[in-house]
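J.: coords please:
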Amino acid sequence: MSVKDDAAPRILYCRCAYAQVVPAEVKAAVLEGLATSGVSFEAVPDLCEMAARRDPHLQDLVRGAPHLKIAACWPRAVRGLFALADAPLPDEGVEILNMRTDSAAAVLDGLARGVTAREATP
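T.: Prediction:
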C-alpha cells in the first residue's frame with residue numbers, strides 16, 4: 001500500500017505508441033527508471049490518440065493534481081494536445097519533459113525533482 005502526498009507532482013508518462021517520434025531507447029530507459037524508482041506514475045499509451053478521442057481522462061489529469069510532470073515530446077505539442085481535448089494545461093504547475101530531444105537521464109532527473117518515493121504502510 002502506498003501513501004500519496006497531494007502536494008507532490010503527479011507524473012504522466014506517454015509511451016508514444018502510434019507516432020513513433022520518440023527514440024525507443026529513451027522511452028524504454030525512462031519507463032524502466034520510473035518503474036524502479038519507487039515513485040508513483042501513470043503510463044498512457046499515446047497522448048496524441050487520447051487527445052484525438054477527446055478522452056475525458058486528460059481533463060481528470062489536469063484537475064487531479066496541483067502539479068503535473070509529463071514525460072512526452074515537444075512541450076508546445078503536449079499543451080496543444082491537452083487543449084484539443086478541452087483540458088488546457090495551466091501555465092503554472094506543469095512541467096513537460098521532452099523525451100524526443102533530451103536524454104533518458106535528463107528526463108528522469110526532471111521527473112525526480114520534488115517527488116519522493118512511495119512510502120509503504122503496514
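J.: Would you tell me which helix is longest in this structure?
T.: helix 24-37 (DSSP state H).
J.: Counting neighbours, which bits of the next helix or strand after that one end up buried?
T.: Next along the chain after helix 24-37, taking DSSP states H and E as the criterion, comes strand 42-44. Within strand 42-44, the residues that qualify as buried are Val44, counting by 16 or more other CB atoms under 10 Å. Where you see a C-beta, it was placed from the backbone N, CA and C, and this is true even at glycine.
J.: Give me the helices and strands touching the helix or strand following strand 42-44, please.
T.: For strand 42-44, the following helix or strand on the C-terminal side (DSSP H and E) is helix 47-52. Using 3 or more CB pairs under 8 Å, 6 or more residues apart in numbering; DSSP states H and E, the elements in contact with helix 47-52 are helix 56-64, helix 75-84.
J.: just the CA coordinates of helix 47-52, formatted as PDB?
T.: Extracted in PDB, the C-alpha atoms of helix 47-52 (Å, rounded to 0.1, in the frame of the first residue of the first chain):
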ATOM      1  CA  LEU A  47      -1.400  11.300 -25.700                       C
ATOM      2  CA  CYS A  48      -2.000  12.100 -29.400                       C
ATOM      3  CA  GLU A  49      -4.600   9.400 -29.600                       C
ATOM      4  CA  MET A  50      -6.200  10.300 -26.300                       C
ATOM      5  CA  ALA A  51      -6.500  13.900 -27.500                       C
ATOM      6  CA  ALA A  52      -7.900  12.900 -30.800                       C
END
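J.: Need the residues that contact the longest helix of the chain.
T.: The list of residues contacting helix 24-37 from outside it, by CB atoms under 8 Å, 6 or more residues apart in numbering, reads 11, 13, 15-16, 41, 43, 71, 99-100, 102-105, 107-108, 111-112, 117.
J.: Many thanks, we can stop here.
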